[in-house]
Structure formats: C-alpha cells, structure tokens
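> Give me coordinates for this.
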Amino acid sequence: MGGLAFGLIVEGAVAILLMLTIGYCYVLNVRLKRLHADRDALRAMITDLVRATDMANGAIQGMKQTAAEADAQLQARLQEAEGFNTSIAQHVHAGNSLLEKISQIAKTAREAEAEKGLPAREQYTPEAPRQPKARNALSQLDRYTRSKGEAA
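Below is the predicted model of the structure:
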C-alpha cells in the first residue's frame, strides 16, 4: 500500500502542476492579446506621427520658399528705394546749385542797376497779371536773394 499512496501523491502533484501550468498559460495568453492590441495601436500612432512629420516638413519647405521670395522682393524694393534716394539727392543738389547761380545773377543784376543809378525795379510788370505764378516765383526769388545778401 505504500507504493499506491506514493503513486497517488505523485499523480496529485502532477495534476496540480498541470493546472498551474494551464492557469499560467491562460494569463500569458491574455497578456499576449493585450500586447498585440497595444502593438497595433502603437503602429497606428507611429503611422500618424510619420504622416504629421511629413506634413510639417512640407509646411516648413513652403515657409522657407515664401521667406526667400519675400526676401528677394524686399531686396529689389530696397535697391529701387536706394536708387530713388540717390536720384532725389542729386536733384536736390542740382536745384540748390541752380538756385545759388540764379541768386548770384539776380544780385549781380541789382548791383549793376545800382551802379548805373537806375531806380530799383518794381515788382509789377505788364506781363504779371497774366502770369501770377511767375510773378510770385520772381518775388520769392528776389526776397531769397535779399535775405542771402543780408546774411552774408
């Protein structure tokens, strides 16, 4: 009988170990299913991330291209403005030179009239009513040359 009890104990132990193995396999199966589900979700997330990265790269390239075009247009406008600035400066300088020459001529003409003893010219001339702008310009020039003469 001792052999029978020992055989029964061994068979019981094997049965218990077999049930534990089956339970452990069930737990592993559940975990593997969860892992596969997580892997699929991770794969979908990675796909979305790659797609978003591609879209961001495309947007960055578009922004770089737009910035380069804006920079080129700004440079062109800046060069054009510098050209206008130079042109205006030249015109102002030429205008100042011309004004100085005209004032010198007017001053010389007044001095020549004064030396000859001629009376000073009046502002009114017969052509003046027909050309008020010219008369105003001449009177302003005369005032300017007088003020230049007084300042010097």
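> can we go C-alpha only for contacts and neighbour counts from here?
Fine.
> low-scoring stretches of this protein, by residue?
The chain contains residues with pLDDT under 70 at 1-2, 118-131, 133-134, 148-152.
> need the helices for it, in chain order.
Using DSSP state H, the helices of the chain run over 2-116, 132-151.
> how about those in TSV, adding mean neighbour count?
Below are the helices of the chain laid out as TSV (neighbours: other CA atoms under 10 Å):
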stretch	mean neighbour count
helix 2-116	12
helix 132-151	13
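> how much space is there between V27 and A37?
16 Å (CA to CA, to the nearest Å).
> ditto for R146
Distance from R146 to A37, by CA to CA: 99 Å.
> now do S97
89 Å.
> How about M19?
Applying CA to CA, the value for M19 to A37 is 27 Å.
> what's the answer for I88, then?
75 Å.
> How about G3?
In terms of CA to CA, G3 sits 51 Å off from A37.
> A59 now?
Taking CA to CA, one finds A59 at 33 Å from A37.
> Also P132?
96 Å.
> try E69
Computed as CA to CA, the E69 to A37 distance reads 48 Å.
> do the same with V30
Per CA to CA, V30 is found 11 Å from A37.
> do the same with E111
Counting by CA to CA - E111 and A37 are separated by 108 Å.
> now R31
10 Å.
> And I105, by the same measure?
Following CA to CA, the distance that separates I105 from A37 is 100 Å.
> residues contacting S103?
With contacts defined as CA atoms under 8 Å, 6 or more residues apart in numbering, S103 is in contact with L141, D142, Y144, T145.
> Test my guess that the last one contacts K107.
Yes: judged on CA atoms under 8 Å, T145 makes contact with K107 at a distance of 6.8 Å.
> how distant is stretch 53-63 from the center of its chain?
19 Å (CA atoms, centre = their mean, to the nearest Å).
> just use 38 as the starting number from now, easier for me
Sure, I'll start numbering at 38, so the last one becomes stretch 90-100.
> Can I get it in PDB, CA atoms only?
Output in PDB follows, covering the C-alpha atoms of stretch 90-100 (Å, rounded to 0.1, in the frame of the first residue of the first chain):
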ATOM      1  CA  THR A  90       6.000  64.900 -39.700                       C
ATOM      2  CA  ASP A  91       5.800  64.800 -43.500                       C
ATOM      3  CA  MET A  92       3.100  67.500 -43.400                       C
ATOM      4  CA  ALA A  93       5.200  69.600 -41.100                       C
ATOM      5  CA  ASN A  94       8.300  69.200 -43.300                       C
ATOM      6  CA  GLY A  95       6.200  70.200 -46.300                       C
ATOM      7  CA  ALA A  96       4.900  73.300 -44.400                       C
ATOM      8  CA  ILE A  97       8.400  74.200 -43.400                       C
ATOM      9  CA  GLN A  98       9.600  74.000 -47.000                       C
ATOM     10  CA  GLY A  99       6.700  76.200 -48.100                       C
ATOM     11  CA  MET A 100       7.600  78.700 -45.400                       C
END
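> Fine, thanks again, bye for now.
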